[in-house]
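1. mind folding the following:
(2 chains)
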There are 2 protein chains.
Amino acid sequence: DQPKIVNEFSRTKMRFEARADLAKAKIAKDLFKLMATKKTNLCIAADVTSTDEILKIAEVCGPHICLLKTHVDIIENFNISFVQALKSLAEKHNFLIMEDRKFADIGNTTALQYANGIYKIAEWANLVTVHSLPGQSIIQGIKSVAANVESRGVFLLTEMSSQGNLINDKYKEGTIKMATEGLDTDFIAGIVCQSAECFAFPGLIQLTPGVKIDEGSDNLGQRYNTPEFVVKEKGADIGVVGRGILNASSIEKAASLYRDRLWSAYCDRVGLSAN
Amino acid sequence: DQPKIVNEFSRTKMRFEARADLAKAKIAKDLFKLMATKKTNLCIAADVTSTDEILKIAEVCGPHICLLKTHVDIIENFNISFVQALKSLAEKHNFLIMEDRKFADIGNTTALQYANGIYKIAEWANLVTVHSLPGQSIIQGIKSVAANVESRGVFLLTEMSSQGNLINDKYKEGTIKMATEGLDTDFIAGIVCQSAECFAFPGLIQLTPGVKIDEGSDNLGQRYNTPEFVVKEKGADIGVVGRGILNASSIEKAASLYRDRLWSAYCDRVGLSAN
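-> Numbers count the residues shown, from 1 in each chain, chains lettered A, B, ... in the order given. Prediction:
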């Protein structure tokens, strides 16, 4: 029998700084470094319907987050000055913006949805979420119209947290292939998934939604897990928190708490002191 | 050996009137009847970026179509009066409106994207396209906020026309199960797919995109097939035509031509005289 080889480059045991060196996408390098420097792996899901609320969340949570996730198409009063204000807050507090659009159309259509229309997502979102379902062409479509390819990128989904979703192993394999081989790896920041087994390459970032200190599920099939569970057991590099912070009596305190627990869990995982 | 049993209810051999009787969703019944009465199974993909252009397409193509498909999020100057004008044209020319949004998020988020935001899709789109990827909760989310469940519905995708897409047999099975079993079948008008084998139930409508008299593919992986091929060989009930009409020197003549060829192909298929 051959001796068991311990993989020295086990993704979840590596520090973000070392993983930045391996990343193929410039935007992934930037985000890894931002997390390491700012000591936060918290993404806030600013899934609210007014621009004022989002800006308030960005201002209050800004110091604690690496990433602010929007759903621009649920906002009632979207306008260009909102985008400018959000970008200013991102610069002030040093976080990136991700539009969680879950693009899922053919390349030509997705390119238009990304760059055009009222939202002009390409102009303000550093990152967007993308379903690999339509195949490689969706990445090519987005990349072809990205405002600046170097400061833009996508997260691909290989798992969803909703019950009964139709993602299976073959689908996951196809997605990981898209993220690790071929001409568009310089545009893929990471993978949205629920478990460490989804991918091995340390240069990609694992983004895991559905983080909440009180576990459970809502009435539309969304499941929740604790910060420690997603980071230490499930391989999350970034934990996405929505209602856990937004529904708290103090958003600021909740953001600080989630940041501490997510970061401590990461430090534990890679063998770092949390301070 | 047993004699070969001919399935009397083979979906592609049945007329739209008979299939309307079997449909579980009111919106599917309505669309089957509209096609049979108006003698058209043409859907125009009004995938352009200005409201004026869409309204012009709706006015000119209106008499020839059963369905007008929009991508509201690529329009540069969306506004409420556009929606009112489009709805008036739909009434005047007797066609339904489908927003090709390809919803693909968890139920809670999709509900907000469907009913809220700037577009308020639920208020004006009779139909929307939905990816089954997130599981049953996405249908439940949309249904929970539908303006009027009876006059609203969804098309689920079981195939995409883009090269290298990740839809596989298990995914298709899961989608068809969602469309034919359970509590939400009254909200599912049909299936977006490329072949007759995708589903058997005659009460669902097969919508097939990528129809073009000149076959081929674009440079972002989108394939095209002729009207006769998609209807007679591939089981399409409705053929979706975009660039084939929009890029023609006369949009009106092209719409009329596609309507005739799609309808004749349907008549041939079910053994009807085209007139």
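2. can you tell me the SS state at residue A:77?
-> With DSSP: H, G, I helix; E, B strand; the rest coil as the basis, the three-state label of residue A:77 is coil.
3. quick check: it touching residue A:50?
-> Yes: between residue A:77 and residue A:50 there is a contact at 6.2 Å, judged by Cβ atoms under 8 Å. The way it works is simple: take the backbone N, C-alpha and C, and place the C-beta from them, glycine included.
4. and the next helix or strand past the helix or strand of chain A with the lowest mean pLDDT?
-> Least confident helix or strand, chain A: strand A:216-217 with a mean of 66, by mean pLDDT, DSSP states H and E. Following strand A:216-217 in sequence order, the next helix or strand is strand A:223-224 (DSSP states H and E).
5. can you give me the pLDDT of residue A:9?
-> Looking at residue A:9, its pLDDT reads 63.
6. nope, residue A:53 is what I meant
-> Value for residue A:53, per-residue pLDDT: 97.
7. ok, the closest residue to it other than its chain neighbours to chain B distance?
-> Excluding the flanking residues, the one nearest residue A:53 by Cβ to Cβ, 6 or more residues apart in numbering or on different chains is residue A:46, at 7.7 Å. As judged by Cβ to the nearest Cβ, to the nearest Å, residue A:46 and chain B stand 12 Å apart.
8. repeat that for residue A:33.
-> Between residue A:33 and chain B the computed distance is 30 Å (Cβ to the nearest Cβ).
9. for burial, what's the neighbour tally of residue A:45?
-> By the criterion of other Cβ atoms under 10 Å in any protein chain shown, residue A:45 has 24 neighbours.
10. apologies, that question was intended for residue A:88.
-> Applying other Cβ under 10 Å, I find that residue A:88 has 12 neighbouring residues.
11. same check on residue A:13?
-> Look at residue A:13: counted by other Cβ under 10 Å, it has 14 neighbours.
12. got a list of what it touches?
-> Residues near residue A:13 by Cβ atoms under 8 Å, 6 or more residues apart in numbering or on different chains: A:269, A:270, A:271.
13. who's in contact with the second one?
-> Meaning residue A:270. Contacts of residue A:270 (Cβ under 8 Å, 6+ apart): A:12, A:13, A:14, A:15.
14. what segments of the stretch 1-150 of chain A are strands?
-> For the stretch 1-150 of chain A, strands defined by DSSP state E, counting those that start in this stretch occupy the ranges A:42-45, A:67-70, A:96-103, A:127-131.
15. repeat that for the stretch 151-275 of chain A.
-> Secondary structure of the stretch 151-275 of chain A (DSSP E, counting those that start in this stretch): strands at A:153-157, A:188-192, A:205-211, A:216-217, A:223-224, A:238-241.
16. least reliable of those strands going by mean pLDDT?
-> Of all these, mean pLDDT reaches its minimum on strand A:216-217 (a mean of 66).
17. make a markdown table out of the strands of the stretch 151-275 of chain A and add mean neighbour count.
-> Output for those, formatted as a markdown table (neighbours: other Cβ atoms under 10 Å in any protein chain shown):
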| stretch | mean neighbour count |
| --- | --- |
| strand A:153-157 | 27 |
| strand A:188-192 | 27 |
| strand A:205-211 | 28 |
| strand A:216-217 | 12 |
| strand A:223-224 | 19 |
| strand A:238-241 | 28 |
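18. adding distance to residue A:120, write the ones you listed out as TSV.
-> Shown next, in TSV, are the strands of the stretch 151-275 of chain A (distance: least, Cβ to Cβ, whole Å):
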stretch	distance to residue A:120
strand A:153-157	17
strand A:188-192	20
strand A:205-211	23
strand A:216-217	35
strand A:223-224	33
strand A:238-241	24
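19. need the residues of the stretch 1-150 of chain A near chain B, please.
-> By Cβ under 8 Å from any Cβ of the partner chain, the residues of the stretch 1-150 of chain A that approach chain B are A:47, A:49, A:71-76, A:78, A:100, A:102, A:104-109, A:111-113, A:116-119, A:131-138, A:140-141, A:144.
20. now with 6 Å, please.
-> Within the stretch 1-150 of chain A, the positions near chain B by Cβ under 6 Å from any Cβ of the partner chain are A:49, A:73-75, A:78, A:102, A:104-108, A:112-113, A:116-118, A:131-137, A:141.
21. narrow the residues you listed to those in helices?
-> The helices, defined by DSSP state H, take in A:107, A:108, A:112, A:113, A:137, A:141 from these.
22. now which of those would you call buried?
-> Buried members of these, scored by 16 or more other Cβ atoms under 10 Å in any protein chain shown, are A:107, A:108, A:112, A:113, A:137, A:141.
23. the last one contacts residue A:109, correct?
-> No: under the contact definition of Cβ atoms under 6 Å, residue A:141 does not touch residue A:109, with a separation of 7.5 Å.
24. so which residue is dead centre in chain A?
-> In chain A, the residue lying closest to the centroid (Cα atoms, centre = their mean) is residue A:207, at 4.4 Å.
25. one step back: nearest to residue B:250, out of the strands of the stretch 151-275 of chain A?
-> Residue B:250 sits nearest to strand A:153-157 of all these, at 39.7 Å, using Cβ to Cβ.
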